[in-house]
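Enquirer: Got a sequence here, can you build the structure:
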Amino acid sequence: MKQAALTFLFALLGTVIALFGYDRLVVVPREKANAEQIAAAAKLDLASARAQANEISEDLDKSVRKTLTDAQSMVPICVEQ
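Expert: Alright, predicted model coming up:
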């Protein structure tokens, strides 16, 4: 029984050491790399975002103007007599 208890204890100790090593050598560097990648993605380029927003609003304005012009050309002109 003493031999089984020692074997179990050393197996448990080996498992704990292996998990600790895996954590330090694999998990921590992976989390650090992910955090750096997320931080880099979070940086915003406000100038380009503003330029894109202006382009989108100009396109929308052109589309609305064209739609209104087309709609007005389809409406018959009523002349009061």
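Enquirer: So which residues of the protein form strands?
Expert: For the chain, strands defined by DSSP state E do not occur.
Enquirer: mind giving me the domain ranges of it?
Expert: 1-42, 44-73 (automatic domain parsing).
Enquirer: Dump these to a markdown table, plus mean neighbour count and mean pLDDT.
Expert: (Each C-beta comes from the backbone N, C-alpha and C, glycine too.) Below are the domains of the chain laid out as a markdown table (neighbours: other Cβ atoms under 10 Å; pLDDT from 0 to 100):
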| stretch | mean neighbour count | mean pLDDT |
| --- | --- | --- |
| domain 1-42 | 10 | 93 |
| domain 44-73 | 10 | 88 |
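Enquirer: any idea how far E55 is from L12?
Expert: 63 Å (Cβ to Cβ, to the nearest Å).
Enquirer: do A33 as well
Expert: From A33 over to L12 (counting by Cβ to Cβ), the distance is 31 Å.
Enquirer: same deal with A49?
Expert: 55 Å.
Enquirer: likewise R30?
Expert: For R30 relative to L12 (Cβ to Cβ), the value is 26 Å.
Enquirer: separation between A18 and I56?
Expert: 54 Å.
Enquirer: same deal with A49?
Expert: 11 Å.
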